[in-house]
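K.L.:
Here is my input, please return the structure:
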Amino acid sequence: MSSFLNKIDITDFSVEKMDISKIQAIEDKLPRSGVFDLNIAEVGLVLTLEAQNLCQDKIIKIDRYIGYLEGQKNKAWSKAALVDAKTAGYKTAKDKEWYAQSDDDYVNVLNEVTLAKATKKWLENKAGYFSGWHYAFKTFLRRDYSIENLSGVNFGAYNDIVWGDEASQTISDESKDFCGNEEIEWDE
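P.N.:
Okay, here's the model as predicted:
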């Protein structure tokens, strides 16, 4: 069973150890030069959606982790200002505040918060990057298919009767090719 808790579980979570290999693999599959054809656009359309989804799954976990770290940061600051500063002999509120801001536990958690926020920003930028590629692929395909439709070629109409009546569709004459057209006699 898959639950939402599994998506946002931060037990043993580390920003530095977060796996981004799938995101990088999809990014490597996108064209580097911006030049692509119909096949690349069709595959890219699906890949970019998958990559955006991967980024969003990681962003939600990092958001929860940032909330947890903010609580840890406040806890470290309060402990340093109210307990450790008093033990160190600081009496004024301003001295306790300065002491708390330089406390090692507080600074370590603050650095973790900064790293998590930077990672979230990186993932949001990657999601935007994939969104831009998705739009480019979608626009290219829409334009390419509209050009095909304007050309009068109806690729989807394989079952339409193209020549004569239904009886002429049965190919029994040896002089006709597989499309029902007369074979061309080539001079040798």
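
K.L.:
ok, so what distance separates Leu49 from Glu70?
P.N.:
Leu49 sits 32 Å away from Glu70 when distances are taken as CB to CB, to the nearest Å. Yep, even glycine has a C-beta here, placed from its N, CA and C like the rest.

K.L.:
cool, and Asn53?
P.N.:
26 Å.

K.L.:
ok, now Leu115?
P.N.:
13 Å.

K.L.:
same check, this time on Ala118
P.N.:
When Ala118 is compared with Glu70 (using CB to CB), they lie 15 Å apart.

K.L.:
so where's this protein shaky on pLDDT?
P.N.:
Along the chain, the parts satisfying pLDDT under 70 run over 1, 145, 147-188.

K.L.:
just the helices in it please.
P.N.:
4-8, 21-29, 38-79, 85-87, 93-101, 104-150 (DSSP state H).

K.L.:
Mean neighbour count and distance to Ser14 for those - can I get that in JSON lines?
P.N.:
What follows is these, written out as JSON lines (neighbours: other CB atoms under 10 Å; distance: least, CB to CB, whole Å):
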{"stretch": "helix 4-8", "mean neighbour count": "10", "distance to Ser14": "15"}
{"stretch": "helix 21-29", "mean neighbour count": "14", "distance to Ser14": "15"}
{"stretch": "helix 38-79", "mean neighbour count": "17", "distance to Ser14": "9"}
{"stretch": "helix 85-87", "mean neighbour count": "13", "distance to Ser14": "30"}
{"stretch": "helix 93-101", "mean neighbour count": "15", "distance to Ser14": "25"}
{"stretch": "helix 104-150", "mean neighbour count": "15", "distance to Ser14": "9"}
